[in-house]
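# Output the structure for:
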Amino acid sequence: MLDFINYPVSFILWCWHKVFGAVFGPATGIAWVLGIVFLTFTVRAILIKPFIKQVRSMRKMQEFAPEIKKLQTKYKNDRQKLAQEMQKLQSQHGVNPLGGCLPMLLQIPVFFGLNNVLQGFKPGATGNYYFGADEVSSYLNANLFGARLSNYIAQASHEITNIGSNLTSVIFVSAPLMVIASVATHFTAKHNVARQNPATATAQTGIMNKITLWVFPLGVLVFGAFFPIGLLVYWLSNNIWTLGQQFLIYKKIDREEEEQKAQVQEKRNNLGPRVGQKPTQPKKRPTPARPATDETSADETTNSAQNKGKPAKKWPAKQPSVKPANETTKKPAAGGNTNHTGGTKVPGLTPDRSRSKKSGRKRP
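Residues are numbered from 1 along each chain as shown. The predicted model follows:
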């Protein structure tokens, strides 16, 4: 049923066994253990891009966590409406919730595929997917501190002795692997929980965190008694890879986000005035030259046109000169009558008075 998984897994294991078998010997336990370890690393290296997408998707969901909290409060009694609004919000922000689960989902068939391959190493088997009869025999006889890779603690005693092993050696090898794998599972889950945003925490989230922190590691410790040693090696190496990968990728993403924040802050600082610097005043437009009028001379017009950009000087308007009436003289008309003083004779005036009595005014 899972041959589409079993064949690729067995092929990768076959390749790595050939590599380490050439160094340590094909029938040695260390060659098979390293083959299983590097099979795990190969599969996880293939899934590293989906894992990075998973981390970035989680970070995006944390950015609009307050909006998620509002939807959860608003539609707490209507789960169907809440699911619709959550889907709409995730599509607006370009977040795919399935993308965060993809690496974990892909590891499940790999785990079952490897288990099927290891279970295929049985006495008398003529082949096991990519492995021939000689390689099946090599795996069954591979010695790891007195235990065989196909043994497990809960295995029947006669099955253990049939391949030349004993229960004490199996416990001696399996128990440390179970404990270390359980501890690695706990710290991997703890690292994930520490990255969660408290704003999105709900009752369901708290329950899931407790399950991943305690139930899964305890399950590895308990059910590890039913796992072959080869599968325990896979589980341990998988958790060690996950823990190191999370540390490096989270650190890289945090550094990228800090650099982006620093760039945004630098742009804001460049737009604003520096410390101790006065804000720049907008440049004033030059005053247009006024046309020459009776109150402004042509020279002022020329000077204002030449000194563009400088504030124009305001000069007081030139007042017209008014001469007193008694200082105004008129030239005598040709042939006109003049008085005895030589001035022009004005009708109605007498020599002793400037105006006649009819005017009612005396000469000053």
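
# from here on, contacts and neighbour counts on C-alpha atoms
Will do.

# Tyr75 is in contact with Leu82, correct?
Yes. With contacts counted by CA atoms under 8 Å, Leu82 reaches Tyr75, the gap being 5.4 Å.

# Look at the two and report which has more neighbours.
Using other CA atoms under 10 Å, the more surrounded residue of Leu82 and Tyr75 is Leu82, with 18 against 14.

# Which of the helices or strands spans that one?
helix 79-92 (DSSP states H and E).

# Need the CA coordinates for that helix. PDB is fine.
Coordinates of each C-alpha in helix 79-92 appear next as PDB, following Å, rounded to 0.1, in the frame of the first residue of the first chain:
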ATOM      1  CA  ARG A  79     -18.000  28.400  15.100                       C
ATOM      2  CA  GLN A  80     -19.000  28.200  11.500                       C
ATOM      3  CA  LYS A  81     -19.000  32.000  11.100                       C
ATOM      4  CA  LEU A  82     -15.700  32.100  13.000                       C
ATOM      5  CA  ALA A  83     -14.200  29.600  10.500                       C
ATOM      6  CA  GLN A  84     -15.400  31.600   7.600                       C
ATOM      7  CA  GLU A  85     -14.000  34.900   8.900                       C
ATOM      8  CA  MET A  86     -10.700  33.300   9.800                       C
ATOM      9  CA  GLN A  87     -10.400  31.900   6.300                       C
ATOM     10  CA  LYS A  88     -11.100  35.300   4.800                       C
ATOM     11  CA  LEU A  89      -8.600  36.900   7.100                       C
ATOM     12  CA  GLN A  90      -5.900  34.400   6.200                       C
ATOM     13  CA  SER A  91      -6.500  34.800   2.500                       C
ATOM     14  CA  GLN A  92      -6.200  38.600   2.900                       C
END
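
# Show me which positions of it end up buried.
By neighbour count on 16 or more other CA atoms under 10 Å, the buried set for helix 79-92 is Leu82, Glu85, Met86, Leu89, Gln90.

# before we move on, what about stretch 22-37?
Pro26, Ala27, Thr28, Gly29, Ile30, Ala31, Trp32, Val33, Leu34, Gly35, Ile36, Val37.

# wouldn't Ser157 be in contact with Gly164 here?
No. If you go by CA under 8 Å, Ser157 and Gly164 don't touch, sitting 11.0 Å apart.

# Please list the outside residues in contact with stretch 180-198.
The contact list for stretch 180-198 (CA atoms under 8 Å, 6 or more residues apart in numbering) reads 62, 65, 209, 212-214, 216-218, 220-221, 232, 235-236, 239-240, 242-243, 246.

# For Phe227, which non-adjacent residue is spatially closest?
Tyr152 (5.8 Å; CA to CA, 6 or more residues apart in numbering).

# before we move on, the earlier item: what packs against the helix holding Leu82?
If you count contacts as 3 or more CA pairs under 8 Å, 6 or more residues apart in numbering; DSSP states H and E, helix 79-92 packs onto helix 65-74.

# again, 10 Å this time
Other elements packing on helix 79-92 under the criterion 3 or more CA pairs under 10 Å, 6 or more residues apart in numbering; DSSP states H and E are helix 48-63, helix 65-74, helix 97-119.

# all helices for the stretch 151-300 of the chain, in order.
In the stretch 151-300 of the chain, the segments counted as helices under DSSP state H, counting those that start in this stretch are 157-162, 167-194, 203-210, 216-223, 229-271, 298-306.

# and of those helices, who's closest to Asn128?
Among these, the nearest to Asn128 by CA to CA is helix 229-271 (15.3 Å).

# burial measure for the nearest residue to Thr28 once chain neighbours are set aside, as a count.
In space, Thr28 comes closest to Ala142 once its chain neighbours are excluded; the distance is 5.1 Å by CA to CA, 6+ apart. Residues near Ala142, counting by other CA under 10 Å, number 21.

# got it, and Lys252?
Neighbour number of Lys252 under other CA under 10 Å is 12.

# With Ser157 instead?
Ser157 has 12 neighbours, counted by other CA under 10 Å.

# gap between it and Gly120?
Relative to Gly120, Ser157 is positioned 19 Å away (CA to CA, to the nearest Å).

# One more: Ser165?
19 Å.

# Neighbour count for those two, which is higher?
Ser165 (20 against 16).

# contacting residues around the more buried one?
Asn141, Asn143, Phe145, Gly146, Ala147, Arg148, Asn151, Ser157, His158, Glu159 (CA atoms under 10 Å, 6 or more residues apart in numbering).

# one more time with 6 Å, if that's ok
Ala147 (CA atoms under 6 Å, 6 or more residues apart in numbering).

# Next, find the distance separating it from Asn239.
Separation of Ser165 from Asn239 (CA to CA) stands at 28 Å.

# Kindly report the same for Ala154.
Noted for Ala154: a distance of 23 Å to Asn239, by CA to CA.

# do the same with Gly35
In terms of CA to CA, Gly35 sits 16 Å off from Asn239.

# Give me the below-cutoff pLDDT ranges for this protein.
1, 62, 65, 93-104, 197-203, 272-364 (pLDDT under 70).
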